[in-house]
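1. structural data only, the sequence is not supplied:
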């Protein structure tokens with residue numbers, strides 16, 4: 001499989017081409033959602049699923065977020081119950097903000113297989129599954145979510161009501177899902193960071209092009225330091241965030257074969273990269289709109305679209321505030337605040 005370093009570069013290239021978040025979101029779940037499957041799946045699961053995703057026959061989606069738990073993943077309520085014969089799991093619950101569920105063939109699903117009140121730690125009792133998304137089958141319903149941007153790609157609420165899946169869809173051991181799903185979450189953060197960078201760079205390119213063409217008071221507006229300096233500052237912020245992003249991606253790739261690299265070290269790097277890239281990209285996109293003045297509000301120049309879309313990596317897959325909480329606790333050893 002392609003490394004996350006290469007995939008991050010690919011995602012940056014896609015958004016920087018002008019395709020934006022819609023272009024990236026059309027394919028990125030195929031990369032990060034399959035990372036835990038590739039690491040922990042059985043030979044049968046990997047050989048059946050991964051080649052069909054690579055050749056484009058299948059697409060996949062990532063089923064973690066829930067409407068009533070949000071970022072509090074350990075409190076998720078979707079249940080997967082094994083039947084008495086041990087042949088099938090029955091899934092009941094709800095997921096939200098599931099990208100590409102309308103067109104996906106598979107979902108990497110995180111569900112609770114042991115009730116929260118029966119485990120000693122909340123990280124226990126969660127299991128990961130690789131299930132079919134079969135809209136013709138009873139017990140599954142998808143509803144599209146109307147969005148501010150990236151409308152070319154569907155986002156969904158997914159409802160499970162005693163949706164039956166074979167026991168063979170369990171990935172790895174039952175109740176070991178939380179550690180497994182982190183491999184998908186950290187990969188997702190790296191990819192979103194790359195996508196944010198691409199948005200920031202293309203917005204900055206468009207702003208510099210406009211500043212070199214637009215003439216006001218007899219001179220190009222790019223000659224004014226009030227225009228030039230904010231754009232130069234935005235460029236340096238993007239460059240710094242790019243270093244953090246590709247460091248995190250390389251560390252993630254190294255951790256796949258080097259068990260001495262702690263998972264939390266990869267988590268710190270991936271979260272930091274996502275935070276820095278999203279903030280740098282937002283700065284670049286906002287300044288690109290302002291550089292265009294009134295025309296920045298017009299669809300003609302695309303910068304208004306990129307400003308809308310850059311809100312996605314600021315919010316998802318984890319908020320800025322939760323990243324700051326995580327780094328405070330894991331790096332600075334400060335008391336947990338949530």
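-> Alright, I've got the coordinates. Computed from a predicted structure; not experimentally measured.
2. can you give me the strands for the stretch 201-338 of the chain?
-> Shown for the stretch 201-338 of the chain, the strands assigned by DSSP state E, counting those that start in this stretch span residues 215-216, 219-220.
3. outside of the first one, which residues touch it?
-> In this structure, residues lying in contact with strand 215-216 by Cβ atoms under 8 Å, 6 or more residues apart in numbering are residue 221. The C-beta positions use only the backbone N, C-alpha and C, and glycine is treated the same way.
4. okay but residue 110 is in contact with residue 73, surely?
-> Yes: distance between residue 110 and residue 73: 7.4 Å, which falls inside the contact criterion (Cβ atoms under 8 Å).
5. more neighbours: those two, which one.
-> Shown here are residue 110 and residue 73; by other Cβ atoms under 10 Å, residue 110 has more neighbours (27 against 19).
6. and the more buried one, what element?
-> Assigned by DSSP states H and E, residue 110 belongs to strand 106-112.
7. show me which positions of that strand end up buried.
-> Buried residues in strand 106-112, counting neighbours by 16 or more other Cβ atoms under 10 Å, are found at 106-112.
8. deepest in the core, which of the strands of the stretch 201-338 of the chain is it.
-> Taking mean count of other Cβ atoms under 10 Å as the contact definition, the stretch among the strands of the stretch 201-338 of the chain with the greatest mean neighbour count is strand 219-220, which reaches a mean of 12.
9. what is the burial count for residue 309?
-> Neighbour count for residue 309, taken as other Cβ under 10 Å: 26.
10. that one and residue 18 touch, don't they?
-> No: the pair residue 309 and residue 18 fails to qualify as a contact (Cβ under 8 Å) at a distance of 11.2 Å.
11. list the contacts for residue 231?
-> Taking Cβ under 8 Å, 6+ apart as the test, what residue 231 contacts is 204, 207-208, 211, 287, 291.
12. mind doing that once more with 10 Å?
-> Shown in contact with residue 231 (Cβ atoms under 10 Å, 6 or more residues apart in numbering): 203-204, 207-208, 211, 222, 284, 287-288, 290-291.
13. got it, and residue 16?
-> Counted by Cβ under 10 Å, 6+ apart, residue 16 has contacts 23-24, 194-195, 197-205.
14. test for you: state the pLDDT assigned to it.
-> Among the per-residue scores, residue 16 holds a pLDDT of 98.
15. what separation do you get for it and residue 264?
-> 31 Å (Cβ to Cβ, to the nearest Å).
16. so the spatially closest residue to residue 65 that is not a sequence neighbour: helix, strand or coil?
-> Once flanking residues are discounted, residue 65 sits nearest to residue 97: 5.1 Å by Cβ to Cβ, 6 or more residues apart in numbering. Following DSSP: H, G, I helix; E, B strand; the rest coil, the label given to residue 97 is strand.
17. enumerate every residue touching residue 97.
-> For residue 97, the contacting residues are 62, 64-67, 70, 145, 147, 155-158, 315-317, taking Cβ under 10 Å, 6+ apart as the criterion.
18. helix, strand or coil for residue 89?
-> Following three-state DSSP, the label given to residue 89 is strand.
19. where do the helices sit along the stretch 151-300 of the chain?
-> Counting by DSSP state H, counting those that start in this stretch, one finds helices in the stretch 151-300 of the chain at the ranges 177-213, 225-255, 263-291.
20. sounds good, over and out.
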